[in-house]
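Undergrad: Next input, structure requested:
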Amino acid sequence: AADIYGAADEKRVCELGKGAVVSFMDRSTLYDRELFNLAFAAAKEKNIPCQTKSMVAGGNNSGAVHLSGNGVRTLAVSAPCRYLHSPSCVVKYSDIEACENLIMEMISRIQSL
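TA: Here you go, the predicted model:
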């Protein structure tokens, strides 16, 4: 998340306590625009805290998934995390709850696409 003392604002990819992180792209994937919009619409309607990354950083297994077959519509919903690649990570429980609530709400709306 890089929301630590001394980190410049432009280096803060996301912030603890501001909810689920929905990415529009990362180093390996350009996520589906309709899924991205669905996530933010659901979050707004249901008052689920949600944020997007402030810069393109990192990646995950969706880089391979979205290219499989004829392509797979993909979206990343993540929890902000400090010290991600260290032996001890820090997350905020309310952000984990926001991820769960957002994903469940998206599942209930997915047929609308």
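
Undergrad: So for the helix or strand of the chain with the lowest mean pLDDT, what gets flagged as buried?
TA: Sorting the helices and strands of the chain by mean pLDDT, DSSP states H and E puts helix 62-65 at the bottom, at a mean of 81. Within helix 62-65, the residues scored as buried using 16 or more other C-beta atoms under 10 Å are residue 62. Just so you know, the C-beta spots here come from the backbone N, C-alpha and C atoms, and that holds for glycine as well.

Undergrad: ok, then the element right after it?
TA: strand 77-78 (DSSP states H and E).

Undergrad: who's in contact with that next one?
TA: Outside strand 77-78, the residues that touch it by C-beta atoms under 8 Å, 6 or more residues apart in numbering are 14, 20-23, 39, 99, 102-103, 106.

Undergrad: Same list (those residues) but as TSV, adding secondary structure and pLDDT.
TA: Listed next are the contacts of strand 77-78 as TSV, based on DSSP: H, G, I helix; E, B strand; the rest coil; pLDDT from 0 to 100:
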residue	secondary structure	pLDDT
14	coil	86
20	strand	98
21	strand	95
22	strand	95
23	coil	90
39	helix	97
99	helix	98
102	helix	98
103	helix	98
106	helix	97
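
Undergrad: my guess is residue 99 contacts residue 81, does it?
TA: No - here residue 99 lies out of contact with residue 81, judged by C-beta atoms under 8 Å, at a distance of 11.1 Å.
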